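S.K.: Fold the stuff below for me.
(one chain, ligands or ions: 1)
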Amino acid sequence: MKTIQVSRFGGPEVLVLLDGPAIAPEAGQISIAVEAVGVGFVDVMARQGTYPLFPEPGFVPGVEVAGTVDEVGPDVDANWRGRRVFAVCGVGGYAERVVIDLVKVVPLPDKLSAGQAVGTGVNALVASFALERTGADAGEHVLVRGASGGIGVMATQLAARKGCVVMAVTSSASRADRLRALGATRTILRGTGEDTVAGAYDVVVDTVGGSDMGRFLTMLKPNGRYVLCGGAGGPPPADLLARLFAEFHKSPSLMCFSLNSIDDDHRRPVADELFRLTAEGSIEAVIDEGLRLDQAAEAHRRMAAGDLFGKIVLRP
Ligand SMILES: NC(=O)c1ccc[n+]([C@@H]2O[C@H](COP(=O)([O-])OP(=O)(O)OC[C@H]3O[C@@H](n4cnc5c(N)ncnc54)[C@H](OP(=O)(O)O)[C@@H]3O)[C@@H](O)[C@H]2O)c1
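M.R.: As a prediction, this is how the structure comes out:
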């Protein structure tokens with residue numbers, strides 16, 4: 001069984017292709033013959049050693065996979081064999097096969113490809129739960145930072161579907177065009193100074209964080225809600241709480257959202273619904289590129305350079 005391992009913390013070159021024996025599923029587990037692996041920015045951080053929840057080098061990265069069940073554990077219903085499924089595995093996804101607890105598995109609708117499943121997967125789950133936390137409602141103004149990224153394209157689409165007025169922040173005119181086609185009402189090119197409207201948004205969905213985050217906090221209207229669900233631009237600035245306090249008169253809410261805080265039973269029905277939306281064409285699984293498993297380093301180079309729109313998918 002081929003896997004990609006992080007041999008040591010470092011650049012994309014530390015990702016090495018290994019060939020080893022496949023593992024059999026135990027009680028409560030199934031094995032998935034992987035057809036698509038979702039690559040996320042979190043994989044880049046895991047490889048660099050900057051994401052605390054990942055193990056020491058020698059691990060196989062990859063938080064989400066889709067494919068077909070090819071073996072079941074001794075106590076698992078044999079009817080699972082041959083079913084097409086998606087799973088959030090946390091680690092171990094860059095592989096030809098993944099053995100995983102059945103509770104983490106979501107069956108896929110017939111019309112949904114494995115690529116579409118991971119193109120929806122974690123990104124849409126994060127976007128959906130984050131929006132739910134903010135209580136974003138029809139007619140409200142929602143700003144999405146990192147809108148052209150995997151999570152951002154889903155947050156843009158899901159907020160538009162709710163009837164929100166969506167402002168998408170991105171880095172180029174061509175990306176802005178694509179975001180408007182996905183439902184953004186307006187777009188802002190970051191770094192051009194056109195994004196400095198204070199007090200304009202009910203909700204900010206932020207996948208970027210970084211030193212600029214305090215400025216985006218001031219863009220909330222009174223009673224606005226800001227959800228930080230990523231750090232593609234690095235950690236927030238040290239004076240963030242002081243910036244929040246300066247906005248006290250507006251009663252702003254600042255929250256974080258991590259999918260790690262959601263248990264399997266809570267996640268599965270939401271994933272089910274998101275896959276249904278993609279299968280019926282109500283949202284689009286935006287795939288930037290499909291690469292082979294042994295091109296994982298190339299995928300990471302593109303992720304780190306921000307050179308993508310949507311999701312990169314590896315195909316074992
Ligand atoms: N909350 C969770 O449970 C969860 C789950 C998975 C991932 N994450 C995290 O969420 C973040 C985004 O993940 P992703 O997979 O969507 O990443 P991604 O696909 O790389 O997208 C991030 C986007 O942010 C923009 N960006 C990057 N660096 C920036 C900077 N310095 N300043 C401003 N904008 C910048 C880029 O778009 P433009 O160039 O077009 O602006 C980029 O496309 C990562 O930190 C990841 O670890 C969180």
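S.K.: Low-confidence regions, the stretch 151-300 of the chain specifically.
M.R.: The model of the stretch 151-300 of the chain has pLDDT under 70 over residues 195-196.
S.K.: At which residues are the strands of it located?
M.R.: Listed from the start of the chain, the stretch 151-300 of the chain has strands (DSSP state E, counting those that start in this stretch) covering 165-170, 186-189, 201-206, 220-228, 253-256, 287-292.
S.K.: Among the ones you listed, which comes closest to Tyr94?
M.R.: Smallest distance to Tyr94 across those (CB to CB): 11.2 Å, for strand 287-292. C-beta here means a position set from N, CA and C on the backbone, and glycine is covered the same way.
S.K.: My read is that Val85 contacts Asp70, right?
M.R.: No: with contact defined as CB atoms under 8 Å, Val85 does not reach Asp70; the gap is 10.7 Å.
S.K.: of those two, who's got more company?
M.R.: Shown here are Val85 and Asp70; by other CB atoms under 10 Å, Val85 has more neighbours (21 against 16).
S.K.: Skip the chain neighbours and tell me the closest residue to that one.
M.R.: Val105 (4.9 Å; CB to CB, 6 or more residues apart in numbering).
S.K.: check contacts around the one you found.
M.R.: Counting by CB atoms under 8 Å, 6 or more residues apart in numbering, Val105 touches 30, 32, 69, 85-87.
S.K.: neighbouring strands for the strand ranked longest in the chain, and are they parallel or not?
M.R.: Ranked by residue count, the top strand of the chain under DSSP state E comes out as strand 29-39. Next to strand 29-39 in the sheet, as set by DSSP bridges, lie strand 64-72 (antiparallel), strand 97-101 (antiparallel), strand 311-315 (antiparallel).
S.K.: Go through these and name the closest to Asp212.
M.R.: Closest to Asp212 of the strands paired with strand 29-39 is strand 311-315 (CB to CB; 24.3 Å).
S.K.: Return the set of buried residues in that closest one.
M.R.: By 16 or more other CB atoms under 10 Å, the buried positions in strand 311-315 come out as 311-314.
S.K.: one step back: so what's in contact with Val85 and Asp70 at the same time?
M.R.: Each of Ile32 lies in contact with both Val85 and Asp70 under the rule CB under 8 Å, 6+ apart.
S.K.: The residue minimising distance to the centre of the chain: what secondary structure?
M.R.: Closest residue to the average C-alpha location of the chain: Asn123 at 2.8 Å, with CA atoms, centre = their mean. Of the three states, Asn123 takes helix according to DSSP: H, G, I helix; E, B strand; the rest coil.
S.K.: correct me, but Arg225 touches Glu132?
M.R.: No: using CB under 8 Å, Arg225 is not in contact with Glu132; the gap is 11.0 Å.
S.K.: which of these two has more neighbours?
M.R.: Arg225 (22 against 14).
S.K.: residues in contact with the closest residue to the more buried one other than its chain neighbours?
M.R.: The spatial neighbour of Arg225 that comes closest, neighbours along the chain excluded (CB to CB, 6+ apart), is Thr134 at 4.0 Å. Listed by CB under 8 Å, 6+ apart, the contact partners of Thr134 are 142, 203, 205, 225-227, 253, 255.
S.K.: Show me which residues of the stretch 201-316 of the chain sit near the ligand.
M.R.: Proximity of the stretch 201-316 of the chain to the ligand, by CB under 6 Å from any ligand atom, involves residues 207-208, 210, 229-233, 257-259, 303, 306.
S.K.: from those residues, which is closest to Val14?
M.R.: Distances from Val14 to those, taken by CB to CB, are shortest for Met303, at 14.4 Å.
S.K.: ok, that closest one - how many residues close by?
M.R.: 24.
S.K.: Can you point out the buried residues in stretch 192-206?
M.R.: Applying 16+ other CB under 10 Å to stretch 192-206 flags 195, 200-206 as buried.
S.K.: need the residues you listed in TSV with distance to Ala279, can you?
M.R.: Putting those into TSV (distance: CB to CB, whole Å) gives the following:
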residue	distance to Ala279
Asp195	35
Ala200	35
Tyr201	31
Asp202	30
Val203	27
Val204	30
Val205	24
Asp206	29
